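Trainee: give me a 3D structure for the following:
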Amino acid sequence: MLLSPLLRAGCALPALCLALPALAQTPDAAADQAYHDNRADIIVTAIIPRRQGDILSGTSVVTGEELTRNMRSTIGETLARQPGVSATSFGPNASRPILRGFQGERVRILTDGIGSFDVSNTSVDHAVAINPLTADRIEVLRGPAALLYGSSAIGGVVNVIDSRIPRRVPDEPVHIDAITTYGSAANERTGSGEVEVPLGDKLVFHFDGSYSKSGDLDTGSYILTPALRAQAAASGDADIASLATLRGKLPNSAAETWEVSGGAALITDGGNLGFSVTHSDNLYGVPVRYAVEPGGEAEKVRLHMKQDRADMRAEVPVNGGFLESIRFRAGFADYQHQEIEDTGEVGTTFYNQSMESRLELIQANRGGWDGAIGGQFFTRKFHVEGEEKFLPRNETTQLGLFTLQSIDLGQTRVEVGGRYEHTDVSADADATLFNPAYDRRFDSISGSIGASREIVPGWRAGLNLSRTERAPSAEELFARGNHAGTQAFELGNPDFSKEKSWGVEATLRGQGPGYTLALSAYHNWFDGYIYDVQVADDACMAVNGGEDLEFPCFQYNQAKARYLGFEAEATVKLAQVGSYAINFDGVADYVRATVTDSGPAPRIPPMRLLGGLEAQGDRLSLRGEVEHSFAQDRIAATETETGGFTLVNASLAWKPIKGNDRTTIMLSANNIFDVEARRHASFLKDYAPLAGRDIRITARLSI
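Mentor: The predicted model follows:
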């Protein structure tokens, strides 16, 4: 609607029309520096590139040596050591980030500012269609700042930034980046490489490819929890009784993934215009959920995911009195995955076509006042075919308008943000699901206001108040069928209203000679909070034609709810020994979530502490760290308690080429003492522990 005058003028991509005559102007220097110099204190995802200390919510940046050390096959496991971040851990191949206890629909996973275009929000057994191997840096925004990317981002945003659409012209005739890894726990063999070739001084071509293959994960412990082992041992069925001693390799957790991509960009002294196309293929197993009662099934399901994706980015420097630049980002993907049964037959197939575009008008800084105004359009066409079809064919369309305004008054910075979003969610009539046609429309308004003040030199305290509204998803509205991934007959409610919440967050950040400290505390009050709860089977049978259910009945409900918690992160330089700096860093986080009249919200991570000691030199670094996850005994009615665990890790990094910080050889040992560890937030925690001892060697090359 907003872009229709330009469309009528004959331009299918309005920002492209604006970009072509203006490519010889100055780029956004701050953003360029953040992407290419890996300035870890600059947050590009904040739309207006900001230092971490100037953002009124919790933030994290993973890049460089830290990204190499924590790199895993999934985004969730790669980020699991960041403050306020856990992971769904549905086996080693499908692990999505959890931010401040929020997951699924309340967390947005982005690639360079727009969606991943997969169905990982639909079920925890669905992998995110973003390969961490391609990441140059990963940024995490928690709290109100994330709402600039959609009302569904109330928990936060994870933005994976790559170079598939180049942002600069390499100085070399050919620029090469490559990474290869071997991990012992799953016999993991991974390789990825990218090449950038300049043609003249303005045009750059990019090519990359990756391949990864792993076997069943070695957990170093029993596969089942003590309670399930005792139940299995007491069975008179010999096959079930044998499960009590099952340990070591996690059955059906192998994977094979490959990906290819090509892109090009036109870059001058100012401005850029680029495109990329990508094909991804991921075949992975879902760990077996063993039945410890006679007659139960224990399927070995594999998922085969494919995605074809096209992306575009353009930036137009304006350098005018009001606008500094105009940015446009768009992407489209055709996605499908097949759920393959242990007989080799395809049981269910998921299809998803998505498109998203963002137009951002970046304001010039005038006397300490800057900001951004933008629009965002998103559409998703999604349907499921097969024996575990639990959703009718549906379509979601969203149009969002947003702004962020900031005033720097010296010691005080004030920031105001707002977002309007119109959402249309429709479902076709489906006789097999006894589902009539629906069309729901929602208008949501969200906003935040906050301020930070320098209380003493180097220290800032901030307070942010937010009000958010979120439209229910198609899954929450229209689900009515058996869903093997969650072992539930899921029943949505097409009459749901919007989910609304108030939130407050306080921050304290400081730095001085040899130390930094960042603290965040938050509290969210929800009205119309959407959650699922197990109910009597009669409720689901009534919408299932009276037929018996394959799984227990879980119904989506709305109620009041509260989330509260904190995050803390600190670094201290303890000593200087010759050319080595001895540094300590620590992370602590905690979240408590309660659904009114129901009790604790399900799958909430427990309190966690992580500390690391590092000797850091110019060419050689040695690090040891300890992570302790407390037991979680504050659980929902359908959950089991999860024991605490302590992991000890160590790593050695060497930069063999003087002056080249991006070329690194790293040896790391994770879970050195082979501890049994289970994440409480995982649906599969009682059947699939985390990796046992894992010796990894990684080589990263950049020339």
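
Trainee: state the mean pLDDT of stretch 356-365.
Mentor: Mean pLDDT, computed over stretch 356-365, is 95.

Trainee: the longest strand in the protein is where?
Mentor: Using DSSP state E, we find that the single longest strand of the chain is strand 553-577.

Trainee: tell me the helix or strand right after that strand.
Mentor: Using DSSP states H and E, the next helix or strand after strand 553-577 towards the C-terminus is strand 580-595.

Trainee: and that following strand, what other elements does it pack with?
Mentor: Applying 3 or more Cβ pairs under 8 Å, 6 or more residues apart in numbering; DSSP states H and E, one finds that strand 580-595 makes contact with strand 553-577, strand 608-616. The way it works is simple: take the backbone N, C-alpha and C, and place the C-beta from them, glycine included.

Trainee: the last one pairs with which strands, parallel or anti?
Mentor: As defined by DSSP bridges, the strand partners of strand 608-616 come to strand 580-595 (antiparallel), strand 620-629 (antiparallel).

Trainee: okay, the helices and strands packed on strand 580-595 in a markdown table with distance to Asp589 next?
Mentor: Listed next are the helices and strands packed on strand 580-595 as a markdown table, based on distance: least, Cβ to Cβ, whole Å:
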| stretch | distance to Asp589 |
| --- | --- |
| strand 553-577 | 5 |
| strand 608-616 | 6 |
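
Trainee: just put the ones you listed in TSV and tack on mean pLDDT.
Mentor: Shown next, in TSV, are those (pLDDT from 0 to 100):
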stretch	mean pLDDT
strand 553-577	95
strand 608-616	97
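
Trainee: how about those strands, which one is nearest Gln353?
Mentor: The closest of the helices and strands packed on strand 580-595 to Gln353 is strand 553-577. By Cβ to Cβ, the value is 24.8 Å.

Trainee: how far off centre is that closest one?
Mentor: 15 Å (Cα atoms, centre = their mean, to the nearest Å).

Trainee: for stretch 628-643, same thing?
Mentor: How far stretch 628-643 lies from its chain's middle: 23 Å, per Cα atoms, centre = their mean.

Trainee: do the same with stretch 545-558
Mentor: Stretch 545-558 sits 29 Å away from the centroid of its parent chain (Cα atoms, centre = their mean).

Trainee: and for stretch 393-405?
Mentor: 19 Å.

Trainee: now swap in stretch 576-592 and tell me
Mentor: Stretch 576-592 sits 25 Å away from the centroid of its parent chain (Cα atoms, centre = their mean).

Trainee: go on, stretch 291-298?
Mentor: Distance of stretch 291-298 from the chain centroid (Cα atoms, centre = their mean) equals 34 Å.

Trainee: give me the contact list for it.
Mentor: Applying Cβ atoms under 8 Å, 6 or more residues apart in numbering, the external contacts of stretch 291-298 come out as Leu224, Leu228, Gln231, Ala232, Ser235, Asp237, Ile240, Leu243, Val288, Arg289, Tyr290.

Trainee: and if you look at stretch 560-571?
Mentor: The contact list for stretch 560-571 (Cβ under 8 Å, 6+ apart) reads 58, 83-84, 100-102, 142, 515-527, 529, 531, 583-596, 601.

Trainee: next, the buried residues of it.
Mentor: Buried residues in stretch 560-571, counted by 16 or more other Cβ atoms under 10 Å: Ala561, Arg562, Tyr563, Leu564, Gly565, Phe566, Glu567, Ala568, Glu569, Ala570, Thr571.

Trainee: same deal with stretch 504-514?
Mentor: For stretch 504-514, burial by neighbour count (16+ other Cβ under 10 Å) applies to Val504, Glu505, Ala506, Thr507, Leu508, Arg509, Gly510, Gln511.

Trainee: was I right to think the first one contacts Asn464?
Mentor: So the one you mean is Val504. Yes - the pair Val504 / Asn464 is scored as a contact, 7.1 Å apart, by Cβ atoms under 8 Å.

Trainee: could I get the phi/psi values of Arg69?
Mentor: The phi and psi values for Arg69, taken as degrees, to the nearest 10, are phi -70, psi -40.

Trainee: pairing partners for whichever strand or helix holds Val414, with directions?
Mentor: Using DSSP H and E, Val414 sits in strand 412-427. Strand pairing for strand 412-427, determined by DSSP bridges: strand 394-408 (antiparallel), strand 438-456 (antiparallel).

Trainee: buried sites along it?
Mentor: Within strand 412-427, the residues that qualify as buried by neighbour count (16+ other Cβ under 10 Å) are Arg413, Val414, Glu415, Gly417, Gly418, Arg419, Tyr420, Glu421, Thr423, Val425, Ser426, Ala427.

Trainee: likewise stretch 670-681?
Mentor: By neighbour count with 16+ other Cβ under 10 Å, stretch 670-681 contains the buried residues Asn670, Asn671, Val675, Glu676, Ala677, Arg678, Arg679, His680, Ala681.

Trainee: which stretches of the stretch 501-650 of the chain have low pLDDT?
Mentor: Regions of the stretch 501-650 of the chain meeting the criterion pLDDT under 70 are absent.

Trainee: I'd assumed Tyr290 was in contact with Leu684.
Mentor: No - between Leu684 and Tyr290 there is no contact under Cβ under 8 Å: 10.7 Å.

Trainee: settle it for me: which of those two has more neighbours?
Mentor: Taking other Cβ atoms under 10 Å, Leu684 and Tyr290 do not tie; Leu684 has more neighbours (23 against 19).

Trainee: enumerate every residue touching the more buried one.
Mentor: Contacts of Leu684 (Cβ under 8 Å, 6+ apart): Ser89, Phe90, Gly91, Pro287, Arg289.

Trainee: of those residues, closest to Phe382?
Mentor: Using Cβ to Cβ, Phe90 comes nearest to Phe382 of those, at 19.9 Å.

Trainee: hang on, the closest one is in a strand, isn't it?
Mentor: No - using DSSP: H, G, I helix; E, B strand; the rest coil, the secondary structure at Phe90 is coil, not a strand.

Trainee: phi and psi next, for it.
Mentor: When read as degrees, to the nearest 10, the backbone of Phe90 gives phi -90, psi 70.

Trainee: assign Asp239 to helix, strand or coil.
Mentor: Assigned with three-state DSSP, Asp239 falls in the helix class.

Trainee: report pLDDT for it.
Mentor: For Asp239, the predicted pLDDT is 89.

Trainee: separation between it and Ser253?
Mentor: Using Cβ to Cβ, to the nearest Å, Asp239 is found at 20 Å from Ser253.

Trainee: which one's more surrounded, the two?
Mentor: Neighbours per residue (other Cβ under 10 Å) separate Asp239 from Ser253, with Ser253 holding more: 23 against 12.

Trainee: that one reaches Gly285, doesn't it?
Mentor: Yes - at 5.4 Å, Ser253 and Gly285 qualify as touching, with contact defined as Cβ under 8 Å.

Trainee: anything in contact with each of those two?
Mentor: Common neighbours of Ser253 and Gly285, counting by Cβ under 8 Å, 6+ apart, are Gly91, Asn93, Asp216.

Trainee: in CSV: those, plus distance to Asp112, neighbour count and pLDDT.
Mentor: Below are the shared contacts of Ser253 and Gly285 laid out as CSV (distance: Cβ to Cβ, whole Å; neighbours: other Cβ atoms under 10 Å; pLDDT from 0 to 100):
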residue, distance to Asp112, neighbour count, pLDDT
Gly91, 27, 26, 92
Asn93, 23, 27, 95
Asp216, 34, 19, 97
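
Trainee: about what we covered before: can you say which two of the buried residues of stretch 560-571 are spatially most distant?
Mentor: Pairwise over the buried residues of stretch 560-571, using Cβ to Cβ, the maximum falls at Ala561 and Thr571, 34.3 Å.

Trainee: show residues contacting stretch 525-543.
Mentor: Under Cβ under 8 Å, 6+ apart, the answer for stretch 525-543 is 433-434, 472, 476, 480, 488-491, 496-503, 547-549, 552-563, 595, 598, 601-602, 636-638.

Trainee: in it, what counts as buried?
Mentor: For stretch 525-543, the buried set under the neighbour-count rule, 16+ other Cβ under 10 Å, comprises Phe526, Asp527, Gly528, Tyr529, Ile530, Tyr531, Asp532, Val533, Cys540, Val543.
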